[in-house]
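*Asks:* Below are the sequence and a predicted model; questions follow.
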Amino acid sequence: MPEMEDELIGRVAAELRRPVRLDPAFDDRVMAAVRAHPLALRPWLFRRRTFSVTPLGALAVAAGFAGLIVATTLQLARRSEEPGTVTAASVVPFVLHAPDARSVTLVGDFNDWDAAATPLRATGASGSWVVTVPLPPGRYRYAFVVDGTRWIPDPAAPRAPDDDFGTPNSVLTVGT
Amino acid sequence: MGHTHRETASDGALVRRVLAGDVEAYAGLVARYRDRLGRYAVHLLGDQADAEDALQETFVRAYRNLGQCADPERFGAWVFRILVNRCRTIGGQRAKRERVVVRSEAHVAEADVEHPADRQAWREAIRWALDRLSPEQREAFLLKYVEELSYEEMMEITGAGESALKMRVKRACEAMRAMLAEVERA
């Protein structure tokens, strides 16, 4: 392929590499927009959430892991601190077959995409990594992080449509 | 509020500060990448206002999804990918409306440095030629020759395969050569 030895293309590139001046107020506009939408930064485990029993949602998730997962759906019910409110959690298994991985963690909407928050445990010689997470009803984007650097979607689940962020994600829906 | 100081902390350090709640640290990342990303957006979209809209949306979306930045030290590549996608979306929406070609006012302002008529004509010819590339060819050409990315980096940013990118660059160069040679002969 002709590279930069092409004189004309070289002149085009040189012209296009010249700086482009943006509106001097650009930074201020961005920061004003950013300040208007502060991040929710608290770890998910410490948030107040109301869990409910979600057997269908858990089964749907388990079906999505076909062939890779031995899905175990547990339903936990507990009484919250608030009188009169019964809450329950659906425990959702996440499984990745990654025999060469040294570590696998789970990141998603439910743990603020914190790669240190939800490690998977190796299940032995099968090469599978597993973690179970209690999730309330909702739609979640998530992915696995292998060896701390490689971000991969769940091969057994649908891809999230919004992959703008360079990190292809999967999506699951936990129903009520 | 101005941002006249140069932030020396690494991308990773700034990302971690933002994620820890220091919103203002994000200004350092904006200042670090806005010029390069802005140049790409202006050349890809051919319109200063559309480019700044795309860039602002990019930085805000990046901020709101900062937790998804798997390698904070490579925030620049990550945010570049977001911009590429925003430009694709905006370019696609605009293509449905009308063909818009607006010169960069910044370029016009700088056009009197040397041989203003020649320089301006050359810039307009480049703009004219760029606008006649397919969106995929224009994207590949700018990433390769203006941003000087490797094919590996281009693959990461665009999601396209290496052979497809090489073909787009090749076709873009052929088209640019043909169009600009015609302009120079005129």
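*Replies:* Cool, the structure landed.
*Asks:* Helices of chain B, residue ranges please.
*Replies:* In chain B, the helices defined using DSSP state H lie at B:11-19, B:26-45, B:48-64, B:75-97, B:105-110, B:116-131, B:135-141, B:151-158, B:162-185.
*Asks:* Of all those helices, which one comes closest to residue A:137?
*Replies:* Residue A:137 lies closest, by C-beta to C-beta, to one member of the helices of chain B: helix B:48-64, at 22.8 Å. Every C-beta, even on glycine, is put in place using the N, C-alpha and C of the backbone.
*Asks:* So is that closest one next to chain A?
*Replies:* Yes. Using C-beta under 8 Å from any C-beta of the partner chain, helix B:48-64 reaches chain A at B:51-52, B:55-56, B:59-64.
*Asks:* could you give the mean pLDDT of that helix?
*Replies:* Here helix B:48-64 scores 91 as its mean pLDDT.
*Asks:* picking that back up, now the helices of chain B as CSV including mean neighbour count?
*Replies:* Formatted as CSV, the helices of chain B follow (neighbours: other C-beta atoms under 10 Å in any protein chain shown):
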stretch, mean neighbour count
helix B:11-19, 19
helix B:26-45, 23
helix B:48-64, 22
helix B:75-97, 18
helix B:105-110, 16
helix B:116-131, 16
helix B:135-141, 22
helix B:151-158, 17
helix B:162-185, 16
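*Asks:* can you tell me which of those the model trusts least?
*Replies:* Among those, helix B:105-110 carries the lowest mean pLDDT (a mean of 42).
*Asks:* ok, the one residue sitting closest to the centre of chain B - contacts?
*Replies:* The centroid of chain B falls nearest to residue B:40 when counting by C-alpha atoms, centre = their mean (1.8 Å). Residue B:40 sits next to B:80, B:83-84, B:87, B:142-143, B:146-147 when contact means C-beta atoms under 8 Å, 6 or more residues apart in numbering or on different chains.
*Asks:* Looking at those residues, which is nearest chain A?
*Replies:* residue B:146 (4.5 Å; C-beta to the nearest C-beta).
*Asks:* What distance do you get for residue A:150 to chain B?
*Replies:* From residue A:150 across to chain B, the span is 8 Å (C-beta to the nearest C-beta, to the nearest Å).
*Asks:* what are the bridge partners for that residue, then?
*Replies:* residue A:146 (DSSP bridges).
*Asks:* gap between it and residue A:133?
*Replies:* In this structure, residue A:150 and residue A:133 are 20 Å apart, going by C-beta to C-beta, to the nearest Å.
*Asks:* what does residue B:128 give?
*Replies:* Taking C-beta to C-beta, one finds residue B:128 at 55 Å from residue A:133.
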